[in-house]
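**Student:** let me see the structure of the following:
(one chain, ligands or ions: 1)
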Amino acid sequence: MHIDSIVIYFALILVGLVMGSFAGASVWRLRARQLVQDKHNCEHVDHSEYMSLKKLTKSTLSHDRSQCLHCSYTLKWYDLIPLLSWINLRGRCRQCREPIGFMEPLIEIGVVVFFVLSYMYWPYPLNDTLETVRLLLWLIAGVGLAILFVYDTKWYLLPDKVNFAVIGIGILSALSVFINSNDKVGTLINIAGSVFILSGIYLILYIYSKGKWIGFGDIKLGLGLGLLLADWELAFVALFAANLVGCLVVIPPMITGKLKRDSHVPFGPLLIIGTVIASLAGVYLLSSYSFYLP
Ligand SMILES: [Zn+2]
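**Tutor:** Alright, predicted model coming up:
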């Protein structure tokens, strides 16, 4: 391996760990704010969850130190080293020894894997600034997607703040594609098609079912993802992959009777997995598919 790529991979792993750690902390803070707001709006809130997370809302995102949700122990710098601190403490709080949970290390590893695979399998040439900017925007968007993935899996909700951030990054990414293309009209149609497939279809379902089949959060997520892909064929691959993965996840517990017919399956994480597959393997999948066409 060339020395340059060793440096790049090392940087990707390091930045990935730090960003994963940030994503994990953001999940709890967003949840804490959500609970406070729900309580303010007189909605039903789980009391023990509210009490344990409430303390996180007092500090602002930029200058707070994370703390233990059980005993409020303020984490020192050596408790905040991504992955290593968790392994060193075997997933428990230094003071009260209560389990911290598996979410933090998993989200850190998840972001690192996303960063490394994205660089490894990025399907577009990285020979000019705009193309490199597009990859960087994709990596930044991935941090938001990691937050959305965990949040939706845990609480069946996609926070607006993160959704809008991903949409904003998606707009910049689509803009870089547009500026770089020779066929402006074709690119515009391509981006519009991508957005329609990943967001417009859900909007129609949402309006038709009056919000019963699908949440509005999925529509906003689809908009961000459609802009990031900026290609209607890839959007189609993403939708197909999301449904395929969904079936693989849902069918085994359905057969064993663990999943009831009215169980809620969050669609956000599936759509995110589908989009990552489409973005990194879609070009390859489409070209090998068209190879077999007459
Ligand atoms: Zn503790």
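
**Student:** return the residues in contact with the closest residue to residue 66 other than its chain neighbours.
**Tutor:** In space, and not counting its chain neighbours, residue 66 is closest to residue 75: 4.8 Å by CB to CB, 6 or more residues apart in numbering. (Each C-beta comes from the backbone N, C-alpha and C, glycine too.) Applying CB atoms under 8 Å, 6 or more residues apart in numbering to residue 75 gives the contacts 65, 66, 67, 68, 94.

**Student:** out of those, who's nearest residue 123?
**Tutor:** residue 66 (36.8 Å; CB to CB).

**Student:** pull the number of nearby residues for that closest one.
**Tutor:** 18 (other CB atoms under 10 Å).

**Student:** so it is in contact with residue 25, correct?
**Tutor:** Yes. Using CB atoms under 8 Å, residue 66 is in contact with residue 25, at 5.5 Å.

**Student:** need the three-state assignment for the residue of the stretch 151-294 of the chain found nearest the ion.
**Tutor:** Nearest residue of the stretch 151-294 of the chain to the ion, counting by CB to the ion: residue 154, 20.4 Å away. Put simply, residue 154 is helix when judged by DSSP: H, G, I helix; E, B strand; the rest coil.

**Student:** repeat for the one 3 residues further on
**Tutor:** Judged by three-state DSSP, the three-state class of residue 157 is coil.

**Student:** what sits against it?
**Tutor:** Taking CB under 8 Å, 6+ apart, one finds 34, 151, 215, 217 in contact with residue 157.

**Student:** kindly recompute the last result at 10 Å.
**Tutor:** Applying CB atoms under 10 Å, 6 or more residues apart in numbering to residue 157 gives the contacts 30, 31, 34, 148, 151, 215, 217, 266, 268.

**Student:** next one: residue 267
**Tutor:** Applying CB under 10 Å, 6+ apart, the residues near residue 267 are 152, 156, 158, 202, 213-215, 217-218, 221-222, 242-243, 246, 274.

**Student:** swap the cut-off to 7 Å and go again
**Tutor:** residue 218 (CB atoms under 7 Å, 6 or more residues apart in numbering).

**Student:** ok so, going back, quick one, phi/psi of the residue nearest to residue 66?
**Tutor:** phi -70, psi 130 (degrees, to the nearest 10).

**Student:** how close does it get to residue 201?
**Tutor:** 44 Å (CB to CB, to the nearest Å).

**Student:** check contacts around residue 126.
**Tutor:** Counted by CB under 7 Å, 6+ apart, residue 126 has contacts 132, 135.

**Student:** return the residues of this protein in contact with the ion.
**Tutor:** 68, 70, 71, 73, 93, 95, 96 (CB under 5 Å from the ion).

**Student:** may I see the ChimeraX selection of the buried members of those residues?
**Tutor:** Only the buried entries of the residues of the chain next to the ion go into this ChimeraX selection, using 16 or more other CB atoms under 10 Å:
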select :68,73,93
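
**Student:** mind putting the residues of the chain next to the ion in CSV, secondary structure, pLDDT and distance to residue 130 included?
**Tutor:** Shown next, in CSV, are these (DSSP: H, G, I helix; E, B strand; the rest coil; pLDDT from 0 to 100; distance: CB to CB, whole Å):
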residue, secondary structure, pLDDT, distance to residue 130
68, coil, 83, 45
70, coil, 83, 48
71, coil, 85, 49
73, coil, 84, 47
93, coil, 90, 46
95, coil, 91, 49
96, coil, 91, 50
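
**Student:** neighbours of the closest residue in space to residue 172 that isn't next to it in sequence, how many?
**Tutor:** Nearest non-adjacent residue to residue 172, counting by CB to CB, 6+ apart: residue 137, 5.6 Å away. If you count neighbours by other CB under 10 Å, residue 137 ends up with 20.

**Student:** touching, residue 137 and residue 174? I think so.
**Tutor:** No. Judged on CB atoms under 7 Å, residue 137 makes no contact with residue 174 at a distance of 9.6 Å.

**Student:** give the contact list for residue 221.
**Tutor:** Going by CB under 7 Å, 6+ apart, residue 221 touches 148, 158, 163, 268, 271.
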